[in-house]
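A.B. asks: okay, structure incoming, though there's no sequence with it:
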């Protein structure tokens, strides 16, 4: 058996709404077996286990005692991530955690250091940077197809979520969308990582964050109490990267839906419409000069590298997105069996977490403390352009 396809047993902790996204894409990795699942909600645990015909553990202790399991996939409530991940690491298990790694930087740093001290790995979602869209965009940056990159505009605005029928959103296995928790944790910690992971992979460490965040709609749940009541539902940050690139990143559940990114270079732009689609097409626009004015061409040209076999398949429909959620645990598992650095390394995940926290909570300037080794891109061949 190829090392990259070595049989690996994982266990899932947390059987809520997001767990169905992982199950929707996990089947492509036939070498990655789910030994069992656990949730503190017995009804949810039974429903999830029955729907996917998976063994269930009666307690977290029983899960951690299973010697077959090498990786725990932590899909619990974000405010439980730290405690669950810590217990898993102490039990000698590698961990793949949903975002954020932890709700506080000190806790996230503690998890990373605990893993390092025990010779383990802890990795964190989102893993969309492993998808085709991110990798193609990154390839364009590396190949200087728009010249030296100066500026990036990235948006993660989800529309007026608080006015949507979110109480009716139910996963295939019957889990309700955790709207109260989503509003209390905040859209920045929940979603900023989708573009932060791309930008940090492409442009390196964030040296400075200048942020503004506010709770613009405190009355999202008029019949329920939010704790805390004022978690930001809007944030905008200006990020200065060690490479000199400046990026503006916004997240909200207020502004009209917009998940686009524009990478602005000396010779044009690279852009795509939605980072939640692993197969989103990447386009280039070149500048045109007429008389005294220079502007971008209204004609977008498809940028499409010529690629070989992909290490991680990504063309999937998982509902409101087309993301391969299981690619994250798979990348962690493959890095372990191949004895190489994980692309979503502990220190990389820590830096993404730290910057997301700064975007949500800091008013003004923040200088991130964390450092990491650069993430490696997919190994693709020559590039080309197609309309």
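C.D. replies: Cool, got the structure. Since this is a predicted model, take the numbers as computed values, not measurements.
A.B. asks: got any ranges where the stretch 1-150 of the chain has weak pLDDT?
C.D. replies: 1-5 (pLDDT under 70).
A.B. asks: hey, where'd the strands end up in it?
C.D. replies: Under the criterion DSSP state E, counting those that start in this stretch, the stretch 1-150 of the chain carries strands at the ranges 8-13, 32-38, 69-74, 94-97, 122-124, 149-157.
A.B. asks: those into a markdown table, with extra columns for distance to residue 177?
C.D. replies: Glycine gets a C-beta too; all of them are placed from N, C-alpha and C. Shown next, in a markdown table, are the strands of the stretch 1-150 of the chain (distance: least, C-beta to C-beta, whole Å):
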| stretch | distance to residue 177 |
| --- | --- |
| strand 8-13 | 18 |
| strand 32-38 | 19 |
| strand 69-74 | 19 |
| strand 94-97 | 20 |
| strand 122-124 | 21 |
| strand 149-157 | 18 |
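A.B. asks: tabulate those strands (a markdown table), appending distance to residue 241 and mean neighbour count.
C.D. replies: Listed next are the strands of the stretch 1-150 of the chain as a markdown table, based on distance: least, C-beta to C-beta, whole Å; neighbours: other C-beta atoms under 10 Å:
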| stretch | distance to residue 241 | mean neighbour count |
| --- | --- | --- |
| strand 8-13 | 34 | 24 |
| strand 32-38 | 34 | 20 |
| strand 69-74 | 29 | 24 |
| strand 94-97 | 25 | 28 |
| strand 122-124 | 20 | 28 |
| strand 149-157 | 9 | 20 |
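A.B. asks: of all those strands, which lies closest to residue 252?
C.D. replies: Nearest to residue 252 among the strands of the stretch 1-150 of the chain is strand 149-157; the distance by C-beta to C-beta comes to 4.8 Å.
A.B. asks: if we can go back for a sec, which one, of the strands of the stretch 1-150 of the chain, ends up nearest to residue 283?
C.D. replies: Comparing the strands of the stretch 1-150 of the chain against residue 283 with C-beta to C-beta, the closest turns out to be strand 149-157 (14.6 Å).
A.B. asks: give me the helices and strands touching the closest one, please.
C.D. replies: helix 193-203, strand 246-252, strand 261-265 (3 or more C-beta pairs under 8 Å, 6 or more residues apart in numbering; DSSP states H and E).
A.B. asks: surely residue 370 is within a helix?
C.D. replies: No. Membership of residue 370 in a helix is not supported by DSSP: H, G, I helix; E, B strand; the rest coil, which gives coil.
A.B. asks: so what's it scoring on pLDDT?
C.D. replies: Listed pLDDT for residue 370 reads 97.
A.B. asks: burial check on it, number of neighbours?
C.D. replies: 19 (other C-beta atoms under 10 Å).
A.B. asks: for the one 4 residues further on, same thing?
C.D. replies: Number of residues near residue 374 (other C-beta under 10 Å) recorded here: 13.
A.B. asks: need the contact list for the residue lying closest to it once chain neighbours are set aside.
C.D. replies: Using C-beta to C-beta, 6 or more residues apart in numbering and skipping the chain neighbours, the partner closest in space to residue 374 is residue 204 (6.6 Å). The contact partners of residue 204, by C-beta atoms under 8 Å, 6 or more residues apart in numbering, come to 241, 242, 243, 374.
A.B. asks: quick one: the first one and residue 228, what's the gap?
C.D. replies: Distance from residue 241 to residue 228, counting by C-beta to C-beta, to the nearest Å: 31 Å.
A.B. asks: the two - which one has more neighbours?
C.D. replies: Higher neighbour count among residue 241 and residue 228: residue 241, with 19 against 8, using other C-beta under 10 Å.
A.B. asks: that one reaches residue 209, doesn't it?
C.D. replies: No. Residue 241 is beyond contact range of residue 209, at 10.6 Å (criterion: C-beta atoms under 8 Å).
A.B. asks: returning to that earlier point: residue 53: which of the contacts of residue 204 is nearest?
C.D. replies: Closest to residue 53, out of all of those and judged by C-beta to C-beta, is residue 374, at 41.0 Å.
A.B. asks: helix or strand right after the longest helix along the chain?
C.D. replies: Ranked by residue count, the top helix of the chain under DSSP state H comes out as helix 346-361. From helix 346-361 onward toward the C-terminus, using DSSP states H and E, the following helix or strand is strand 364-366.
A.B. asks: what strands flank that following strand, and is each parallel or antiparallel?
C.D. replies: strand 206-214 (antiparallel) (DSSP bridges).
A.B. asks: burial of residue 299, as a residue count?
C.D. replies: 11.
A.B. asks: the one 4 residues further on too?
C.D. replies: Counted with other C-beta under 10 Å, the neighbours of residue 303 add up to 23.
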